[in-house]
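Novice: build me a model from this:
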Amino acid sequence: MRNPRKTNIATRKEGDRILGTIEGDPGGPTVVLVTGLHGNEFAGVEAAQNIFDMLDGIRPQINGRLIILRANLPALEHNVRYLDEDMNRLWFPSIIEKIRDTPEARIKSNERRQMKQLLPILDDIEERDDEPVVLADVHTFSAEGSMFSITSSDPRQRELLSNLYVPMVFGIEKSLRGTALGYYQNQGFISFGLEGGQHENELTEYNITASLLLLLHAVGAIEKQYVEKIKEYERHLKAHTRHLPVETELVYQHIIEPGDGFAMRPGYSNFQPIKKGEWLANDNEGKIIAQTDGYILMPLYQQQGNDGFFIIKENEG
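Specialist: This next block holds a predicted model:
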């Protein structure tokens, strides 16, 4: 590590948007952890706090910068996915431009006000950083099952995420329009979604903590020998995902319309194999049948959300 300057750790009180920052060697990468875009996903916030606490006092200091953000503060306070609209479906250039141009007092949507406050922080990172920027958008999900990452098949992304021992799912980043990860990919960031596990499962926070620490090592922000737990985390993630395909591709997405009356049949979990013709869910029209063989992903077992489930297949390319 290149003669790093003294680490500057800027802690923040609970409730602030910037959960914490760590400044190290200015020549290194910038890693941005975005947590709490959905307010019922606390495990990601806690895992990011774990990373911050773990790196506090490490010598030598980190290479580059770590910035941890909490996105939707009122939704986190109320433990709901969102208050007015899904904050992770608003990242269209036209909406962002309107948010920038509108005084905050005139913005009626909670989620757009939150974006109004978040954008200047991310703009500052984009404008003043000459080194690589990696943005991890941290989430959890309503069903049980293994963690995974949402990413493009870009070689940079695949190479980086292969170090995390977390299954990669291609194609969802294109089908989910208006996501933060998609927007910042277009801005030139290395950007991916990390789905760490079921919202309330005790293992989820540990999964995310492990993945984020391996991410920091993979981008060169920390050196392996200075983090005692990193080998333990590697072993855990390898064991946790050893039975799963390394790379998969989206082949079907079931979108819920308002008033559909959608309800998953009970018992489905992430990466559970399904067969074409299998009865997966119901809505006002009757049975919803699997259109193809594959694995089911993110079957919806909560009231909020527009995506009923996804079907993925192992990537053969």
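Novice: from here on, contacts and neighbour counts on C-alpha atoms
Specialist: Will do.
Novice: please enumerate the helices of the stretch 151-300 of the chain.
Specialist: Here the stretch 151-300 of the chain has its helices, by DSSP state H, counting those that start in this stretch, at 155-161, 172-175, 180-186, 202-218, 230-241.
Novice: give me the pLDDT for Arg242.
Specialist: If you check Arg242, the pLDDT there is 90.
Novice: Asp16: how many residues sit nearby?
Specialist: Asp16 has 13 neighbouring residues, counting by other CA atoms under 10 Å.
Novice: excluding chain neighbours, what is closest to it?
Specialist: Arg70 (7.6 Å; CA to CA, 6 or more residues apart in numbering).
Novice: secondary structure element for Ala48, which one?
Specialist: Assessed by DSSP states H and E, Ala48 sits inside helix 42-55.
Novice: just the CA trace of that helix, in CSV.
Specialist: Output in CSV follows, covering the C-alpha atoms of helix 42-55 (Å, rounded to 0.1, in the frame of the first residue of the first chain):
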residue,chain,number,x,y,z
PHE,A,42,-32.4,-3.0,7.8
ALA,A,43,-29.9,-5.8,7.5
GLY,A,44,-27.9,-4.0,4.8
VAL,A,45,-27.7,-0.9,6.9
GLU,A,46,-26.4,-2.9,9.9
ALA,A,47,-23.9,-4.8,7.7
ALA,A,48,-22.5,-1.5,6.4
GLN,A,49,-22.2,-0.3,9.9
ASN,A,50,-20.3,-3.5,10.8
ILE,A,51,-17.8,-2.8,8.0
PHE,A,52,-17.3,0.8,9.2
ASP,A,53,-16.7,-0.4,12.8
MET,A,54,-14.4,-3.2,11.6
LEU,A,55,-12.1,-0.9,9.7
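Novice: beyond it, next helix or strand please.
Specialist: Following helix 42-55 toward the C-terminus (DSSP H and E): strand 63-70.
Novice: quick one on the thing from earlier: off-centre distance for the helix holding Ala48?
Specialist: 14 Å (CA atoms, centre = their mean, to the nearest Å).
Novice: repeat that for stretch 281-294.
Specialist: 27 Å.
Novice: okay, now the unreliable bits of this structure?
Specialist: 1-15, 57-60, 126-130, 224-227, 317 (pLDDT under 70).
Novice: in it, where's the longest helix?
Specialist: helix 110-128 (DSSP state H).
Novice: just to revisit the earlier point, could the helices of the stretch 151-300 of the chain go into TSV alongside distance to Glu85 and mean neighbour count?
Specialist: Compiled in TSV, those are given as follows (distance: least, CA to CA, whole Å; neighbours: other CA atoms under 10 Å):
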stretch	distance to Glu85	mean neighbour count
helix 155-161	29	14
helix 172-175	18	17
helix 180-186	14	19
helix 202-218	25	22
helix 230-241	33	15
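Novice: quick one: closest of those to Gly24.
Specialist: helix 202-218 (12.7 Å; CA to CA).
Novice: now do the closest one: which elements does it pack against?
Specialist: Helices and strands touching helix 202-218, by 3 or more CA pairs under 8 Å, 6 or more residues apart in numbering; DSSP states H and E, are helix 42-55, helix 155-161, strand 190-198, helix 230-241.
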